[in-house]
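Novice: Pasting a predicted model and its sequence here:
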Amino acid sequence: MLVNILGIDTEDIGKPFNERPYTCENIGDRLWLWVNKRTGKAVITGDEGNGWCIPLIIGNSVEEVLKEYIKHPEKTKPKFTNILEALIYIDSKT
């Protein structure tokens with residue numbers, strides 16, 4: 001998914017860190033900032049703890065995604081703080 005969002009060639013993923021056309025930095029608890037070095041396009045993702053990164057904020061630059069993050073920090077917070085809350089919510093929808 002990040003390959004498509006950032007416009008990265010899948011062949012570039014296995015390259016050594018200094019040769020990759022993107023950067024990835026931890027910016028908070030389970031939050032990561034991914035940037036395409038060529039285009040500047042940026043994505044803030046949430047790490048779900050299972051090896052998958054979920055895109056939370058997408059923008060055309062680091063500045064754009066950080067402004068959105070500062071303006072709407074709730075976009076990076078988990079919807080539920082515990083499993084019981086999630087189960088109650090899901091049960092109420094069925």
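Specialist: Yep, it's here.
Novice: What strand or helix carries the closest residue in space to residue 53 that isn't next to it in sequence?
Specialist: Distances taken as C-beta to C-beta, 6 or more residues apart in numbering place residue 45 nearest to residue 53, at 3.7 Å, with adjacent residues excluded. (Glycine included, C-beta is placed from N, CA and C.) Using DSSP states H and E, residue 45 maps to strand 42-47.
Novice: quick one: that strand to chain centroid distance?
Specialist: Strand 42-47 sits 1 Å away from the centroid of its parent chain (C-alpha atoms, centre = their mean, to the nearest Å).
Novice: What lies in contact with that strand?
Specialist: 2, 5-6, 27, 30-36, 53-62, 64-65, 69, 76, 78 (C-beta atoms under 8 Å, 6 or more residues apart in numbering).
Novice: Now with 10 Å, please.
Specialist: The contact list for strand 42-47 (C-beta atoms under 10 Å, 6 or more residues apart in numbering) reads 1-2, 5-6, 22-24, 26-36, 52-66, 68-69, 75-78.
Novice: Tell me which entries of the residues you listed lie within strands.
Specialist: With strands taken from DSSP state E, the overlap with the contacts of strand 42-47 comprises 22-24, 26-28, 31-36, 53-59.
Novice: wait, doesn't residue 64 sit right on residue 70?
Specialist: No. Assessed by C-beta atoms under 10 Å, residue 64 is found out of contact with residue 70, at 11.1 Å.
Novice: Look at the two and report which has more neighbours.
Specialist: residue 64 (15 against 8; other C-beta atoms under 10 Å).
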